[in-house]
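Participant: here are the coordinates; sequence isn't available:
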C-alpha cells in the first residue's frame, strides 16, 4: 500500500518576511508595561499557580540582540534560610510590537 511520503517541506512552518527596520508601534511602546503586567499575571496564575509573585519583569533598552534575560539571585536570610529571587529583563529594541 503506497501512501504519500512526507518531505521536509511538509513540516515547514510559514514565516513572516523579516522586517528588521520597522519602527516600534506607537501603541505598543505606550502600552507595553500594562501588557507585560497583565500577560505575566495570567501566565503566573495559569501555569505556576501564583508562585512567581516575587519575579520582577522590566524593560531594558541596553539589550540589543536577545529578546530578554532571566536572572536568578540567591540571598541569605535569617538563620541561614536561603531565598532565590528572579528577575526578567525584556528588550525594547527586539520586542517592539505585540506580534
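Facilitator: Nice, I can see it. Since this is a predicted model, take the numbers as computed values, not measurements. Residues are numbered from 1 along each chain as shown.
Participant: can we go C-alpha only for contacts and neighbour counts from here?
Facilitator: Noted.
Participant: downstream neighbour of the worst-scoring helix or strand of the chain on mean pLDDT in the secondary structure list?
Facilitator: When the helices and strands of the chain are scored by mean pLDDT, DSSP states H and E, strand 68-76 comes last with a mean of 83. Sequence-wise, the next helix or strand downstream of strand 68-76 (DSSP states H and E) is strand 82-91.
Participant: what packs against that following strand?
Facilitator: Applying 3 or more C-alpha pairs under 8 Å, 6 or more residues apart in numbering; DSSP states H and E, we find strand 82-91 packed against strand 56-60, strand 68-76.
Participant: Give the partner strands of it in its sheet and their orientations.
Facilitator: When pairs are called by DSSP bridges, strand 82-91 turns out to pair with strand 56-60 (parallel), strand 68-76 (antiparallel).
Participant: which of those strands is buried the deepest?
Facilitator: strand 56-60 (a mean of 16; mean count of other C-alpha atoms under 10 Å).
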